[in-house]
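[1] 3D model of this:
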Amino acid sequence: MTIHTDSVPPLRTTSTPPPPRSRLTIAAGWALLAICVLHTVVFAANPFWGEWLAGPLRDTPLSADAATTFWALPASFVALGVMLSILIIDRGRRGDTFGLWLPLSMLGWAAVCLWIIGGPGGFALLVVPATLLIMARLIMARLTRRARRTRA
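    Take a look at the predicted model:
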């Protein structure tokens, strides 16, 4: 049996690092993912899992503690946060950034939630991915302006 190696494309042995804006976007995605994991770790060990999985929310009201913990864990932002963080990481790996709408929305949501709970809390951690996304967007805007000046 003869193997023809001329038809096999060569493997890339070196990769170029992503541009700074992409690294910031990727870091923002990982930061958001870490926040989601930390949130889950903090609330995962609770006595209400059996009560929730039995389905009382369909027929009878939960106790105040069980309802509060339910909205803090399985019904929280974590599932959407994980999906958003994967999207952010993927977009960063493709060399793209997000508009300012995303980080500003995250900051606004965090501010409102902190105001509602009336003190320090985990929502303040959202400042990290939001700031990284803002920085990535500002770098991209600066590079775009520079490229336009160079072409003109």
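[2] contacts only, for residue 97.
    Counting by CB atoms under 8 Å, 6 or more residues apart in numbering, residue 97 touches 21-22, 25, 91, 133, 136-137, 140. Backbone N, C-alpha and C define where each C-beta goes, glycine included.
[3] again, but for residue 103
    Residue 103 sits next to 28, 129-131, 133-134, 137 when contact means CB under 8 Å, 6+ apart.
[4] mind listing the helices for this structure?
    Remark: helices assigned in the chain by DSSP state H are 20-44, 49-53, 64-72, 78-93, 101-117, 127-151.
[5] most packed of those helices?
    Most buried of the helices of the chain, by mean neighbour count (mean count of other CB atoms under 10 Å): helix 20-44, with a mean of 19.
[6] same question for that helix, mean pLDDT?
    Per-residue pLDDT over helix 20-44 has a mean of 90.
[7] quick one: it to helix 101-117, angle?
    30 degrees (axes from the mean of the first three to the mean of the last three CA atoms, to 10 degrees).
[8] identify the residues contacting helix 20-44?
    By CB under 8 Å, 6+ apart, helix 20-44 touches 17-18, 69, 72-73, 76-78, 81-82, 84-98, 103, 122, 125-126, 128-130, 132-133, 135-137, 139-140, 143.
[9] what do you get if the cut-off is 7 Å, keeping everything else the same?
    18, 69, 72-73, 76, 78, 81-82, 84-85, 88-89, 91-93, 95, 97, 122, 125-126, 128-129, 132-133, 135-136, 139-140 (CB atoms under 7 Å, 6 or more residues apart in numbering).
[10] go on, stretch 45-55?
    With CB under 7 Å, 6+ apart as the test, stretch 45-55 has contacts from 62, 66, 69-70, 74.
[11] 6 Å - rerun?
    Stretch 45-55 has contacts (CB atoms under 6 Å, 6 or more residues apart in numbering) with 66, 69-70.
[12] in a markdown table: those residues, plus pLDDT and distance to residue 32.
    Converted to a markdown table, the contacts of stretch 45-55 look like this (pLDDT from 0 to 100; distance: CB to CB, whole Å):
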| residue | pLDDT | distance to residue 32 |
| --- | --- | --- |
| 66 | 81 | 28 |
| 69 | 81 | 22 |
| 70 | 81 | 22 |
